[in-house]
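A.B. asks: after the sequence you'll find the predicted model.
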Amino acid sequence: MKFTVPSWCLCALLLCGVAAAQTASQSSAEDALGLSRNNQQWVSLQPVEDVSLPPGKPSALTLHFQVSAGNHVNSNKPSSALLIPTRLKLEPPAGLSVLKISYPAGKDLTFPFDPDEKLNVYTGEFPVTVQLRGTKPGPHTIRGELTYQACNDRACFPPKHLPVEFEVKVVRENRKKLPVAGRERHPGAPSLSIPVRSEICRPAGGTPGSIPSIPKSKGLSGEGSRPIRSFVKEREFQDGTRVGIVLGE
């Protein structure tokens, strides 16, 4: 028994073969230019070390980006308005603010795809400096993205958005308490406490607890001022030391 293949099937098979051939040819051409990997990132963010910020004060943080070997990206200020600049956009959380983002100057280079025009680009590693201010103590996660357009020496790739994420900590400064003058004594200094005996406090001819007579004194009021009266209170400690305290009126 003979089977006959309809002509429309042959046409469909022929068209599929042509499409596959075209796709393979296009993929080979894109591979040659480095354009076929749509998810490929040409720039990466290097690890960010632990960052501590004092509260309320502006602080600078430098992020280091790395361009893959054999490629370059347009600088933040490209030589043509038609080129896409490299820009960093950050979204700080509550308690943290981004004051300023600074970019380095690029290099003027020429490439085979346009040898008559110099392009201002970044190659290798390039730093981006971010000025931050934190008001809320504690850890904070900052997220954002780096927009760039990369090229090799034959063609340019579509613009890319590199996710950026890093953490900073707002830490309060530790204030050391200064010692109050006169309250601390050097360990080697001798003690100044001297036991006082009642004899040096007791008036002549008087006894502990008595009120001796003291002549009148002009003092500050002149003649007729009140006489100064005093009496002695005495206390004896266990070691036999007797201390007298003179109280005046």
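C.D. replies: The structure has been received and is ready for your questions. Numbering: from 1, shown residues only.

A.B. asks: burial of the closest residue to Leu132 other than its chain neighbours, as a residue count?
C.D. replies: With C-beta to C-beta, 6 or more residues apart in numbering as the criterion, Leu132 has its nearest non-adjacent residue at 5.5 Å, and that residue is Ser59. C-betas here are computed from N, CA, C, even on glycine. Residues lying near Ser59 (other C-beta atoms under 10 Å) number 16.

A.B. asks: kindly report the same for Ala60.
C.D. replies: The tally of other residues near Ala60 (other C-beta under 10 Å) stands at 12.

A.B. asks: now do the contacts for it.
C.D. replies: 129-132 (C-beta atoms under 8 Å, 6 or more residues apart in numbering).

A.B. asks: next up, phi/psi of it, please.
C.D. replies: phi -100, psi 140 (degrees, to the nearest 10).

A.B. asks: is it bridged to anything, and to what?
C.D. replies: In this entry, Ala60 is beta-bridged to Gln131, by DSSP bridges.

A.B. asks: likewise Arg87?
C.D. replies: Beta-bridge partners for Arg87, by DSSP bridges, are Thr147.

A.B. asks: wait, doesn't it sit right on Glu145?
C.D. replies: No. Counting by C-beta atoms under 8 Å, Arg87 does not reach Glu145; the two are 9.1 Å apart.

A.B. asks: all the strands of the chain, residue numbers only.
C.D. replies: 43-45, 52-53, 58-67, 72-74, 87-91, 96-102, 107-111, 114-122, 125-134, 138-148, 150-151, 160-170, 230-236, 242-248 (DSSP state E).

A.B. asks: got these as CSV, with mean pLDDT columns?
C.D. replies: Below are these laid out as CSV (pLDDT from 0 to 100):
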stretch, mean pLDDT
strand 43-45, 97
strand 52-53, 91
strand 58-67, 96
strand 72-74, 96
strand 87-91, 97
strand 96-102, 96
strand 107-111, 91
strand 114-122, 90
strand 125-134, 96
strand 138-148, 96
strand 150-151, 94
strand 160-170, 95
strand 230-236, 59
strand 242-248, 58
